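[1] model the structure of this input:
(one chain, ligands or ions: 1)
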Amino acid sequence: MPLLHLVVSKSLVSLLSRKYGECRSICYTVTRRASIKDIIESMGIPHTEIGEICSEGEKFDFGFIPETSMTINIFGILPPFDVTCPTYLRSAPLKKIRFIADLNVSKLATLLRMSGIDAEISQDLSDKEIASLAHEKQRIVLSKDLGLLKHRKITFGRYVRSVYPEEQLKEIINFFNLKPHLLPFSRCLRCNTSLAPVEKKDILSRLQPKTRLFFHSFKICIRCDRIYWKGSHHEGMLKRMQQSGIIQV
Ligand SMILES: [Zn+2]
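    Numbering: from 1, shown residues only. I've put the predicted structure just below:
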């Protein structure tokens, strides 16, 4: 049987299908003419996780059809990953850093919004619809679903490794180098829209007596009309973000 020798970098091993175990060096049986992208994805690793494909110093793109008996190294993306810069695997970069989070990481999306990062949530969309939206709206897909990230319409995506939302936030901030883009409490947690300042007198009738008494600075979501102020909820969120090292005082 014709064989390929594939060497997978350490950061990708956990994404391999069970049958490959923890093995980084794989003898792959070629059963049909297939691109390296199809071969890698058939082993379990979505194309969104690949940073470099090379053999004997030569780099290849996703469409490369390998010859049998080649040894091919497959590397993960090294952070920080700048999606606004073209690379040979992703020649059309994004203009802005914007995300669409799968429902399985919706709490991460809320924390990203809290940090001021544009993060839509897929709600009840199908995988096909999420992929189309990511493609049309130029958004990075965040998910814990390896199958979704293999969709051909998705160029930028990330399989979220961490389990807990705060850890996921740290992971995504570090991976995409989001620290320069953080603007806490500038975005609506409910609908992801940017907040605008609003005069207290214009929303007075909507405030509870204690809020009226103790708070003087307010913001409003221009889409869903939700009002925000720096109350105890705000302080609690700020503390969580400081404790997890996401923002500094
Ligand atoms: Zn809103």
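[2] what about the strands in the chain?
    Using DSSP state E, the strands of the chain run over 3-8, 25-29, 50-55, 58-59, 71-76, 99-101, 119-121, 140-143, 157-159, 195-198, 218-221, 227-229.
[3] including distance to the ion, could those strands go into TSV?
    For glycine as for every other residue, the C-beta is placed from the backbone atoms N, C-alpha and C. Below are these laid out as TSV (distance: least, Cβ to the ion, whole Å):
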stretch	distance to the ion
strand 3-8	42
strand 25-29	47
strand 50-55	36
strand 58-59	44
strand 71-76	36
strand 99-101	16
strand 119-121	12
strand 140-143	20
strand 157-159	25
strand 195-198	8
strand 218-221	3
strand 227-229	9
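[4] in JSON lines: the ones you listed, plus mean pLDDT and mean neighbour count.
    Shown next, in JSON lines, are these (pLDDT from 0 to 100; neighbours: other Cβ atoms under 10 Å):
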{"stretch": "strand 3-8", "mean pLDDT": "95", "mean neighbour count": "18"}
{"stretch": "strand 25-29", "mean pLDDT": "93", "mean neighbour count": "13"}
{"stretch": "strand 50-55", "mean pLDDT": "97", "mean neighbour count": "18"}
{"stretch": "strand 58-59", "mean pLDDT": "96", "mean neighbour count": "10"}
{"stretch": "strand 71-76", "mean pLDDT": "97", "mean neighbour count": "18"}
{"stretch": "strand 99-101", "mean pLDDT": "98", "mean neighbour count": "26"}
{"stretch": "strand 119-121", "mean pLDDT": "98", "mean neighbour count": "22"}
{"stretch": "strand 140-143", "mean pLDDT": "98", "mean neighbour count": "26"}
{"stretch": "strand 157-159", "mean pLDDT": "98", "mean neighbour count": "22"}
{"stretch": "strand 195-198", "mean pLDDT": "96", "mean neighbour count": "14"}
{"stretch": "strand 218-221", "mean pLDDT": "95", "mean neighbour count": "20"}
{"stretch": "strand 227-229", "mean pLDDT": "93", "mean neighbour count": "17"}
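[5] let's have these in TSV, adding distance to A131.
    Below are the strands of the chain laid out as TSV (distance: least, Cβ to Cβ, whole Å):
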stretch	distance to A131
strand 3-8	24
strand 25-29	26
strand 50-55	17
strand 58-59	26
strand 71-76	21
strand 99-101	10
strand 119-121	14
strand 140-143	7
strand 157-159	9
strand 195-198	30
strand 218-221	28
strand 227-229	33
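[6] what residues does this protein have near the ion?
    Residues of the chain lying near the ion by Cβ under 5 Å from the ion: 188, 190-191, 193, 221, 223-224, 226.
[7] quick check on those: which are buried?
    Those of these that meet the buried threshold are 188, 193, 221, by 16 or more other Cβ atoms under 10 Å.
[8] dump the residue contacts of the first one.
    Spelled out, it's C188. By Cβ atoms under 8 Å, 6 or more residues apart in numbering, the contact list for C188 reads 113, 194-195, 221, 223-224, 226, 228.
[9] try it again with 7 Å
    By Cβ atoms under 7 Å, 6 or more residues apart in numbering, the contact list for C188 reads 195, 221, 223-224, 226.
[10] ok, now K96?
    Not one residue lies near K96 by Cβ under 7 Å, 6+ apart.
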